[in-house]
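[1] all I have is the shape, not the residue letters:
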């Protein structure tokens, strides 16, 4: 596979995931600002923008509208969903001959909703749900149609790295405000029910954060995403040979669910138990 | 006559392909029948879904940096079996003659010594390329792919307007148009026996593999594109995808010790055949434009060393030169000892004083073309030009007469075309594509029909707002053959689908019990 194509696939994974997670973060925050009367809107918006790495001019007062503009609709703001989906489509176009037709069409039709004005016309909650749906469609199509070769590994690698990054930002954003942010964050990740089942209804801020960051089995947690990324790297490293031995696969210890220290570098190399 | 075609007026000066006066021509009768049964609204709906389908699939091209859906017209163009046989023979003949011509001028130059074509005509061509000397194509093929532009004159005869043996584009639209139209007009498509166009990528790949350097059994073929911003990028990607080969850009390639290698995730891999979609001048900064980023330094030397084949060959442009074009009938007779099957359009060479004298005072009746232009660039249509434009043209021609030819205005044939809810005649041309694998020149039965959408317009290039049509080459008279019932050869006993818990007896029983119990408990 051409190195340039590998890079493109890596970035398709990242951009699609970024658009999806940005939508999730915005969903949490906008809902909070509506529901919780104690939230100071300007501070929250400032905080969210800072966490997403969007510069705010000193002295500028940012409201919900500006927040949505910068992170969703503004084509000139590099962090916006608009710009991210455009970028995803642009890299997909350059790797077009290696993508399956259905994969390309999934990316292309997603982008087409933006210049046609459909995306801008949606109410924010609908728009966020739409972005999640489209990302699921793209990821699902990739899963169903892509050869499990290096290209796939690069795609998943990009997606996993971005997911670890964005979940960390989601957690950072949630910690800005009051306790109800955690429930909403879990909901936005689609992990609220599994969280309740895992902790048998024990709902505290600490375990919620732990679930989002450290849970070994929750697919959107930081640790899960990092493990997945590492797996991809190992597979890429081994892709010279077509066969792989189970000893090469990194495993976390079963106690990983609660203790981060078990996941640190030396322990990772331990064989599967 | 049915509703859709009621207002259709085929009595213009041009040859109409569907109607002879008011009667439909034989090979269009079925199409007229089936399309006639559609209502206006139905047709409009299908046109709409055609365009949005192309946008969704990304079948686009760029004009000045803006990406647009490739315009496709819903009414296909039908070409009968006999007409196609002429085209097929004519194009094969032309490609063979051009192959011989290119081998000759970049070799012994016998045509010059025998006085068939003056040496200066070739050596003054802007695409004549001294760097091409000494690069011997391994299987003798320089024109792996060609696209010959044909038009039909007032009598309906096909004539050659120009040859394209550098990097002819448009073949991808032949394939996508076919898919789109067969979906949009399934009734009409089923009623015809249309020859398939989908084998093109395999033919092309076979020709490229056949052109591999000697001794390479399993050549690594790549498509070289200028990049995603090129107008024809869609086509490059489609060809690479359907051939199953890599699509590379100049920066993916590197030349080492006379070999061409590409950067992959497993290190450098050697490339044997490059189907390049980059023009000569950009191909190799060592020999051509030194600031080109689209090519790869060292490519020409690798080709000369016989380690890589560049298809189409460097220096082919001289055969596209419109001045060389005027000698083609003579060249066909000279090399092949045959009469040309397809005639040229009558042409005056303005570089020759006698021709120039005939032409200069009647520029307003003629079409003037620069000899090295493509894509309709620089063409002046006399009857449509203002006096000022003609004066400017005259000045330019006198400044450099070698660069110009003049032709009478050919009234390109017309074909019914969907325009704003009605069907009206519009002018078309035809570009059949031919693939040469060294044994046979294969002509793709189809070709790209380009249509000029404004009324009366004669320039059909898509860069000038032209559209396209699906081109149906009929395999024979009659409708598509009925599909036969498949012979029973599969396994006789097939396991039924597992129905899961939903269709399970026990769960149905439990459900019934639950329901009846609630009924019992109901006090009413």
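    Okay, I see it. It should be emphasised that the depicted structure is a prediction, and the values quoted were computed from it without experimental measurement. Numbers count the residues shown, from 1 in each chain, chains lettered A, B, ... in the order given.
[2] number of nearby residues for residue 120?
    Answering for chain A, as no chain was given. 13 (other Cβ atoms under 10 Å in any protein chain shown). Bear in mind the C-beta positions are built from the backbone N, C-alpha and C, glycine included.
[3] wait, chain B
    Neighbour count of residue B:120, defined by other Cβ under 10 Å: 11.
[4] now swap in the one 3 residues further on and tell me
    Counted with other Cβ under 10 Å, residues neighbouring residue B:123 total 12.
[5] measure it to residue B:340 for me?
    Separation of residue B:123 from residue B:340 (Cβ to Cβ, to the nearest Å): 25 Å.
[6] same question, residue B:242
    For residue B:242 relative to residue B:340 (Cβ to Cβ), the value is 33 Å.
[7] ok, residue B:57 next?
    For residue B:57, the distance to residue B:340 - Cβ to Cβ - is 40 Å.
[8] now do residue A:59
    From residue A:59 to residue B:340 the distance is 79 Å (Cβ to Cβ).
[9] who's more crowded, the two?
    For residue A:59 versus residue B:340, neighbours defined as other Cβ under 10 Å are more numerous around residue B:340 (18 against 5).
[10] ok, the more buried one - contacts?
    Neighbour list for residue B:340: B:90, B:93-94, B:328-329, B:332-333 [criterion: Cβ atoms under 8 Å, 6 or more residues apart in numbering or on different chains].
[11] repeat that for residue B:443.
    By Cβ under 8 Å, 6+ apart, the neighbours of residue B:443 are B:87-88, B:91-92, B:432-434.
[12] what ranges in the stretch 301-450 of chain B fall below the confidence cut-off?
    Along the stretch 301-450 of chain B, the model assigns pLDDT under 70 to residues B:373-376.
[13] now the helices for it?
    B:317-320, B:322-325, B:328-336, B:353-360, B:387-399 (DSSP state H, counting those that start in this stretch).
[14] so what does the third one touch, helix or strand wise?
    I take that to be helix B:328-336. Packing partners of helix B:328-336 (3 or more Cβ pairs under 8 Å, 6 or more residues apart in numbering or on different chains; DSSP states H and E): helix B:81-105, helix B:110-113, strand B:343-344.
[15] cool, the last one as well?
    Using 3+ Cβ pairs under 8 Å, 6+ apart as the contact criterion, the neighbours of helix B:387-399 among helices and strands are helix B:353-360, strand B:380-381.
[16] okay, the angle between that helix and helix B:353-360?
    170 degrees (axes from the mean of the first three to the mean of the last three Cα atoms, to 10 degrees).
[17] pLDDT value on the closest residue to residue A:212 other than its chain neighbours, please?
    Distances taken as Cβ to Cβ, 6 or more residues apart in numbering or on different chains place residue A:171 nearest to residue A:212, at 5.2 Å, with adjacent residues excluded. Listed pLDDT for residue A:171 reads 87.
[18] I'd assumed residue A:209 was in contact with residue A:171.
    Yes - between residue A:171 and residue A:209 there is a contact at 5.9 Å, judged by Cβ atoms under 8 Å.
[19] residues contacting the residue nearest to residue A:149 when sequence neighbours are not counted?
    Of all residues not flanking residue A:149 in the chain, residue A:1 sits nearest, at 7.1 Å (Cβ to Cβ, 6+ apart). Counting by Cβ under 8 Å, 6+ apart, residue A:1 makes contact with A:98, A:149-151, B:264-266.
[20] what's the answer for residue B:279, then?
    Contacts for residue B:279 were tallied using Cβ under 8 Å, 6+ apart; they are B:166-167.
[21] pLDDT wise, what is it at?
    On the pLDDT scale, residue B:279 gets 91.
[22] and if you look at residue B:523?
    Value for residue B:523, per-residue pLDDT: 54.
[23] any idea of the mean pLDDT in stretch A:65-79?
    Mean pLDDT, computed over stretch A:65-79, is 91.
[24] how far does it stretch from start to finish?
    From its first residue to its last, stretch A:65-79 covers 15 Å (Cα to Cα, to the nearest Å).
[25] only the buried residues of it, if you could.
    A:66-74, A:77, A:79 (16 or more other Cβ atoms under 10 Å in any protein chain shown).
[26] can you check stretch A:133-143 too?
    For stretch A:133-143, the neighbour count (16+ other Cβ under 10 Å) marks A:134-135, A:137-139, A:141-142 as buried.
[27] which of these fall in helices?
    Among the buried residues of stretch A:133-143, DSSP state H puts A:134-135, A:137-139, A:141-142 in helices.
[28] in JSON lines, list the residues you listed along with pLDDT.
    Output for these, formatted as JSON lines (pLDDT from 0 to 100):
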{"residue": "A:134", "pLDDT": "95"}
{"residue": "A:135", "pLDDT": "95"}
{"residue": "A:137", "pLDDT": "96"}
{"residue": "A:138", "pLDDT": "96"}
{"residue": "A:139", "pLDDT": "95"}
{"residue": "A:141", "pLDDT": "95"}
{"residue": "A:142", "pLDDT": "94"}
